[in-house]
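*Asks:* Sequence plus predicted model, see below.
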Amino acid sequence: MQASCAIIIPVYNEAGAIQDTVTRIQKICAQVQDHAFEIICINDGSNDDSANILAAIKGITVLTHDVNRGYGAALRTGLDYCTHEWVFITDADGTYPLEDLVHLLDCAKGGVDMVVGSRQGAGISRSPLHQLARWILRKMVHGLTGVMVADLNSGMRLFRKALYSEFRHLLPLGFSFTTTLTVASLYSGRRVRYIPINYQRRIGHSNIKPVQNFFGFVILIVRLASYFDPLRFFLPAAFGLFMLGVLRAIRDAIVVNHFGTLAAILLLTAFQVFVLGVIADVIVRRFLVVPSTPQRPDTAIELVEAGAEATRLPQPVPPAIEAQATNFPTGYRREATPPGE
């Protein structure tokens, strides 16, 4: 049986690169005979010529956000729409070696759940601050999952659609989508493989804000640690506060010959953090529920109830449904170009 794979490309103001990106992907798909592909581009509220370029490309599906909702939101729109067994995501900015999709597909045949392209090459920043930030984030993930991740947030990866369905409730709308998917997969014991890829300098302007994104990633990792294994976060924090309280108490006994207020506050805080960790761990163990798999919306009503306005070209919406659909807020609309046109 032929395997199926959706190729999802978020697009936000990528008029300078999207045509070449899609053309390269189409050529690669034509060469791979053992997979059935669907190319899905999500125009995430672009205000340049990206929408017109996508509309002119034959043989792809275009989903459109009326406003910019973020990288993760664009991926979620494409993932909710597709029904394929495998999903390949990449950026539209010309940075990733799309030809390595063949290697990722071959690697996936080994029974893994996700194959990630580990970035190397000219597109990787060699700034000492950037390298330090990447090292800190990798060490934090190592402390949570026990795995020293080669590339925490690579945007080129192939994974099972079931993996997204399992962790959909955790995945954010911003750039930390791939980081969350990586950490959740590793902590849950999923089989993740990394293969090196040659990462190039992007075409056009980057929307990434390094400082803001770094602190966002730190908060994200702490949140995931609290969600999956609270004691991994609360116990070190409680121990650190306890040791500070002990050291302060020793200092107070030596210098002022009594037990100071700050020492008491630190020790009490350490105890409270420890208790919070235990309670959080009990809640996680008792009430952790994996949500059911979201289904592909088949009608305009189902799309708009999810916050979307649907235009399904191959199957026109009956007037009665179309009239009812206008009462819902706009989220995205589908614009598909059949391959034969």
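*Replies:* Nice, I can see it.

*Asks:* contacting residues around Val115?
*Replies:* Val115 sits next to 104, 107-108, 157-159, 192-195 when contact means C-beta atoms under 8 Å, 6 or more residues apart in numbering. Bear in mind the C-beta positions are built from the backbone N, C-alpha and C, glycine included.

*Asks:* Pull up the pairing partners for the helix or strand where it lies, direction included.
*Replies:* Remark: Val115 resides in strand 114-120, with elements defined by DSSP states H and E. Strand pairing for strand 114-120, using DSSP bridges, gives strand 157-160 (antiparallel), strand 192-198 (parallel).

*Asks:* mean pLDDT lowest for which of those strands?
*Replies:* Ranked by mean pLDDT, the strands paired with strand 114-120 end with strand 192-198 at the bottom, a mean of 91.

*Asks:* Tell me which helix or strand comes right after it.
*Replies:* Taking DSSP H and E, what comes next after strand 192-198 is helix 210-228.

*Asks:* mean confidence for that next one?
*Replies:* Mean pLDDT, helix 210-228: 73.

*Asks:* Pull out the buried positions in it.
*Replies:* Residues of helix 210-228 classed as buried: 213-214, 216-217, 220-221, 223-228 (neighbour count, 16 or more other C-beta atoms under 10 Å).

*Asks:* other SSEs contacting it?
*Replies:* In terms of contacts (3 or more C-beta pairs under 8 Å, 6 or more residues apart in numbering; DSSP states H and E), helix 210-228 is packed against helix 128-145, helix 177-187, helix 230-255, helix 261-287.

*Asks:* Can you list the neighbours in contact with it?
*Replies:* Helix 210-228 is contacted from outside by 130, 133, 136-137, 140-141, 144, 152-153, 170, 172, 174-176, 179-180, 183-184, 187-188, 232-234, 280, 284, using C-beta under 8 Å, 6+ apart.

*Asks:* What is the neighbour count of Asp281?
*Replies:* Using other C-beta atoms under 10 Å, the number of residues around Asp281 comes to 17.

*Asks:* how about it, what does it touch?
*Replies:* With C-beta under 8 Å, 6+ apart, Asp281 has these contacts: 229-231, 234.

*Asks:* and the gap between Leu235 and Phe271?
*Replies:* Computed as C-beta to C-beta, to the nearest Å, the Leu235 to Phe271 distance reads 12 Å.

*Asks:* hang on, the earlier thing: from the contacts of Val115, pick the one nearest Ile265.
*Replies:* Val192 (42.6 Å; C-beta to C-beta).

*Asks:* ok, and the closest non-adjacent residue to the closest one?
*Replies:* Closest residue to Val192 apart from its sequence neighbours, by C-beta to C-beta, 6 or more residues apart in numbering: Met114 at 4.8 Å.

*Asks:* Do I have it right that the one you found meets Leu158?
*Replies:* Yes: look at Met114 against Leu158 with C-beta atoms under 8 Å: they come within range, at 7.0 Å.

*Asks:* three-state assignment of Phe37?
*Replies:* strand (DSSP: H, G, I helix; E, B strand; the rest coil).

*Asks:* mind listing what the closest residue to it other than its chain neighbours touches?
*Replies:* In this structure, Phe37 finds its nearest non-sequential neighbour in Cys29, 4.2 Å apart by C-beta to C-beta, 6+ apart. Counting by C-beta under 8 Å, 6+ apart, Cys29 touches 7, 35, 37, 39.

*Asks:* As a markdown table, these with neighbour count, pLDDT and distance to Arg251 would be great.
*Replies:* Putting the contacts of Cys29 into a markdown table (neighbours: other C-beta atoms under 10 Å; pLDDT from 0 to 100; distance: C-beta to C-beta, whole Å) gives the following:
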| residue | neighbour count | pLDDT | distance to Arg251 |
| --- | --- | --- | --- |
| Ile7 | 27 | 96 | 61 |
| His35 | 17 | 88 | 66 |
| Phe37 | 21 | 93 | 66 |
| Ile39 | 19 | 95 | 65 |
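
*Asks:* circling back to that earlier point, filter the contacts of Asp281 down to the buried ones.
*Replies:* For those, a burial check counting by 16+ other C-beta under 10 Å picks out 229-231, 234.

*Asks:* that older thread, and which of the contacts of Cys29 is nearest to Glu166?
*Replies:* Closest approach between these and Glu166, by C-beta to C-beta: Ile7, at 21.0 Å.

*Asks:* wait, what's in contact with that closest one?
*Replies:* Applying C-beta under 8 Å, 6+ apart, the residues near Ile7 are 25, 29, 37-40, 87-90, 101.

*Asks:* Drop anything exposed from the residues you listed.
*Replies:* For the contacts of Ile7, buried by 16+ other C-beta under 10 Å: 25, 29, 37-40, 87-90, 101.

*Asks:* Serialize those to JSON lines and add fields for secondary structure and distance to Tyr164.
*Replies:* Below are the buried ones among the contacts of Ile7 laid out as JSON lines (DSSP: H, G, I helix; E, B strand; the rest coil; distance: C-beta to C-beta, whole Å):
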{"residue": "Ile25", "secondary structure": "helix", "distance to Tyr164": "20"}
{"residue": "Cys29", "secondary structure": "helix", "distance to Tyr164": "21"}
{"residue": "Phe37", "secondary structure": "strand", "distance to Tyr164": "17"}
{"residue": "Glu38", "secondary structure": "strand", "distance to Tyr164": "15"}
{"residue": "Ile39", "secondary structure": "strand", "distance to Tyr164": "18"}
{"residue": "Ile40", "secondary structure": "strand", "distance to Tyr164": "13"}
{"residue": "Val87", "secondary structure": "strand", "distance to Tyr164": "7"}
{"residue": "Phe88", "secondary structure": "strand", "distance to Tyr164": "12"}
{"residue": "Ile89", "secondary structure": "strand", "distance to Tyr164": "10"}
{"residue": "Thr90", "secondary structure": "coil", "distance to Tyr164": "15"}
{"residue": "Leu101", "secondary structure": "helix", "distance to Tyr164": "18"}
